[in-house]
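Undergrad: just to be clear, the model below is a prediction. Sequence and coordinates:
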Amino acid sequence: EPEVTQTPSHQVTQMGQEVILRCVPISNHLYFYWYRQILGQKVEFLVSFYNNEISEKSEIFDDQFSVERPDGSNFTLKIRSTKLEDSAMYFCASSEQAGPYEQYFGPGTRLTVT
Amino acid sequence: AQSVTQLGSHVSVSEGALVLLRCNYSSSVPPYLFWYVQYPNQGLQLLLKYTSAATLVKGINGFEAEFKKSETSFHLTKPSAHMSDAAEYFCAVSSLLDDYKLSFGAGTTVTVRA
């Protein structure tokens, strides 16, 4: 069964460093999402992406964040200058269509900022 | 804005007993409702979803949920718990107004006693 993959599974970085989290969505999916979950808190929406542009972004998704689909398979989340409060589990998701359709989630990347 | 509240962060059940996880939603427009499950070190997997068809929704692994508009609820049940049901369960809501992004509850951790 097709699945969303994410790399790395765990990333440790120092405050102020740039990180890139990578995701490979399911191949025929057109809509892509990033969510994050800070330890002990809810899973929160960050951004949605369709047709090579951001569809919607949350208040969390400030200028330090960016997303890109550099080729036909990868979908990346970049944090330019990490802060301690960026430490969280980051989930990538994809869906075939927009609307109330299943979003398929990857296993997550645990980002630890020290 | 839409939101969900999950009552009870931890639920402990005996093997073979009823599993009941509570979810109440808030939405100004007809909602779409989802239950996701997360096993340790894995991504979120869709258990079932309500998209305005039948109010009683059956999902995978013997789970079902009933949409009750009058109670703004979407509780998840399973008649007989199995050891493999130990996981974290998330209720989520989406709607057209929010571009179908998922808004998650805080999650309920289920433990199953032998």
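TA: That came through, no problem.
Undergrad: look up which residues are beta-bridged to the nearest residue to residue A:8 once chain neighbours are set aside.
TA: Nearest residue to residue A:8 in three dimensions, chain neighbours excluded: residue A:109, at 6.1 Å (CB to CB, 6 or more residues apart in numbering or on different chains). Every residue, glycine included, has its C-beta placed from N, CA and C. Beta-bridge pairing for residue A:109 (DSSP bridges): residue A:90.
Undergrad: and residue A:109, what does it touch?
TA: Each residue near residue A:109 by CB atoms under 8 Å, 6 or more residues apart in numbering or on different chains is listed here: A:6, A:7, A:8, A:9, A:10, A:11, A:21, A:89, A:90.
Undergrad: centroid-nearest residue for chain B?
TA: Centroid check for chain B by CA atoms, centre = their mean gives residue B:35 as the closest residue, at 3.4 Å.
Undergrad: circling back: in PyMOL, select just the buried ones from the contacts of residue A:109.
TA: Restricted to buried positions by 16 or more other CB atoms under 10 Å in any protein chain shown, the PyMOL selection for the contacts of residue A:109 reads:
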select buried, chain A and resi 6+11+21+89+90
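Undergrad: looking at the contacts of residue A:109, which are in strands?
TA: A:6, A:7, A:10, A:11, A:21, A:89, A:90 (DSSP state E).
Undergrad: tell me how many other residues surround residue 61.
TA: Just going to use chain A. Other residues near residue A:61 come to 20 when the count uses other CB atoms under 10 Å in any protein chain shown.
Undergrad: that's the wrong chain, I meant chain B
TA: So residue B:61, with other CB under 10 Å, has 13 neighbours.
Undergrad: can I assume it sits in a helix?
TA: Yes. The assignment for residue B:61 by DSSP: H, G, I helix; E, B strand; the rest coil puts it in a helix.
Undergrad: give the contact list for it.
TA: B:47, B:78, B:84, B:85.
Undergrad: returning to what we had before: contacting residues for the residue nearest to the centre of chain B?
TA: B:21, B:23, B:46-49, B:59, B:63, B:65, B:74, B:76, B:89-92.
Undergrad: for it, which non-adjacent residue is closest in space?
TA: residue B:47 is the one closest to residue B:35 (CB to CB, 6+ apart), at 4.3 Å.
Undergrad: which of the helices or strands spans that neighbour?
TA: strand B:44-50 (DSSP states H and E).
Undergrad: what is the neighbour count of residue 107?
TA: Assuming you mean chain A. Neighbours of residue A:107 (other CB under 10 Å): 20.
Undergrad: right idea, wrong chain: chain B
TA: For residue B:107, using other CB under 10 Å, the count is 21.
Undergrad: and if you look at residue B:74?
TA: 28.
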